[in-house]
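Peer 1: Return a 3D structure for these sequence lines:
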Amino acid sequence: MPLSDNEIIERIRSGSSNYYALLVDRYKDRGFTLAVRMLRNREDAEEAAQDAFIRAYNALNRFEGKSRFGTWFYRILYNVCLTRIGNRKEEFHRIGFEREIESSDPFATSDFNDYEAKDMTEFVKTSMESLPEKYQSILSLFYFQELSHEEIAGVTQLPIGTIKTHLFRARNLLQQKLQKEIQFEKAV
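Peer 2: Sure thing, here's the model as predicted:
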């Protein structure tokens, strides 16, 4: 049975620093995905992910275990990316909403079955890249990192209501793009 994150952290704290490679292996792909989504550049994303792993390792003694290691690491990576994008951080925090909005699934449409999975994957990827960064990050954390609303709030330091609003708006934008694409494909 593989070691849990907490077991690995305890071994690292006990002097077996080579165990950190296990944590890097567990979180590198999802972390890189988040960094690429935020920075829109593979090279910058690689550097940001490496920087975040180094920072996490150096701060491992301060990890209290109140959240999952993954959530804690994504918060570090998120901050590294925000630093790299500079003033865009204000954009992430500018919009704050208190009301909660129920989410709808942009892919819950009967026309979805008309698309091939490969085409849909490419379309979603391209569509996500065209969204404002504040939506890309939230979608990436929710769908690719599979974090809960509460965990995303912990990573982004945004209120849960704002997280839900961003998800709702991003899904609506994706749904609109999907519907336009389907209409275009049917017309062709």
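Peer 1: show me what contacts E46?
Peer 2: Neighbour list for E46: F32, A35 [criterion: Cβ atoms under 8 Å, 6 or more residues apart in numbering]. All C-beta spots, glycine's among them, are computed from the backbone N, C-alpha and C.
Peer 1: nope, L60 is what I meant
Peer 2: When contacts are counted by Cβ under 8 Å, 6+ apart, L60 touches I9, I12, R13, Y20.
Peer 1: which of these sit farthest apart?
Peer 2: With distances taken as Cβ to Cβ, the most widely separated pair in those is R13 and Y20, at 10.6 Å.
Peer 1: quick one: which of these two has more around it?
Peer 2: Taking other Cβ atoms under 10 Å, R13 and Y20 do not tie; Y20 has more neighbours (17 against 13).
Peer 1: Can you tell me which of the contacts of L60 is nearest H166?
Peer 2: Proximity of the contacts of L60 to H166, judged by Cβ to Cβ, is greatest for I9, which lies at 30.9 Å.
Peer 1: Could you tell me how many residues sit around that closest one?
Peer 2: Here the count is done by other Cβ under 10 Å, and I9 has 19 residues near it.
Peer 1: ok, and what's touching the strand or helix carrying it?
Peer 2: When elements are assigned from DSSP states H and E, I9 belongs to helix 5-13. Applying Cβ under 8 Å, 6+ apart, the set of residues contacting helix 5-13 from outside is 3, 19-20, 22-23, 26, 60-61, 63, 65, 68-70.
Peer 1: filter these to the buried ones?
Peer 2: Applying a neighbour-count criterion of 16 or more other Cβ atoms under 10 Å, the buried members of these are Y19, Y20, L22, L23, R26, L60, F63, F69, G70.
Peer 1: Past the helix or strand the second one falls within, which element shows up next along the chain?
Peer 2: Same thing as Y20. Take DSSP H and E as the rule and Y20 turns out to sit in helix 20-39. Scanning the chain past helix 20-39 towards its C-terminal end, the next helix or strand to appear is helix 42-58 (assignment: DSSP H and E).
Peer 1: following that next one, which helix or strand comes up?
Peer 2: Going down the chain from helix 42-58, the next helix or strand is helix 69-85, by DSSP H and E.
Peer 1: Which neighbouring elements make contact with that following helix?
Peer 2: Using 3 or more Cβ pairs under 8 Å, 6 or more residues apart in numbering; DSSP states H and E as the contact test, the elements touching helix 69-85 are helix 5-13, helix 20-39, helix 42-58, helix 88-94, helix 149-156.
Peer 1: Adding pLDDT and distance to L178, write the contacts of helix 5-13 out as JSON lines.
Peer 2: Shown next, in JSON lines, are the contacts of helix 5-13 (pLDDT from 0 to 100; distance: Cβ to Cβ, whole Å):
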{"residue": "L3", "pLDDT": "93", "distance to L178": "41"}
{"residue": "Y19", "pLDDT": "93", "distance to L178": "43"}
{"residue": "Y20", "pLDDT": "94", "distance to L178": "41"}
{"residue": "L22", "pLDDT": "94", "distance to L178": "39"}
{"residue": "L23", "pLDDT": "94", "distance to L178": "36"}
{"residue": "R26", "pLDDT": "94", "distance to L178": "32"}
{"residue": "L60", "pLDDT": "93", "distance to L178": "42"}
{"residue": "N61", "pLDDT": "90", "distance to L178": "46"}
{"residue": "F63", "pLDDT": "91", "distance to L178": "40"}
{"residue": "G65", "pLDDT": "86", "distance to L178": "40"}
{"residue": "R68", "pLDDT": "90", "distance to L178": "32"}
{"residue": "F69", "pLDDT": "93", "distance to L178": "35"}
{"residue": "G70", "pLDDT": "91", "distance to L178": "30"}
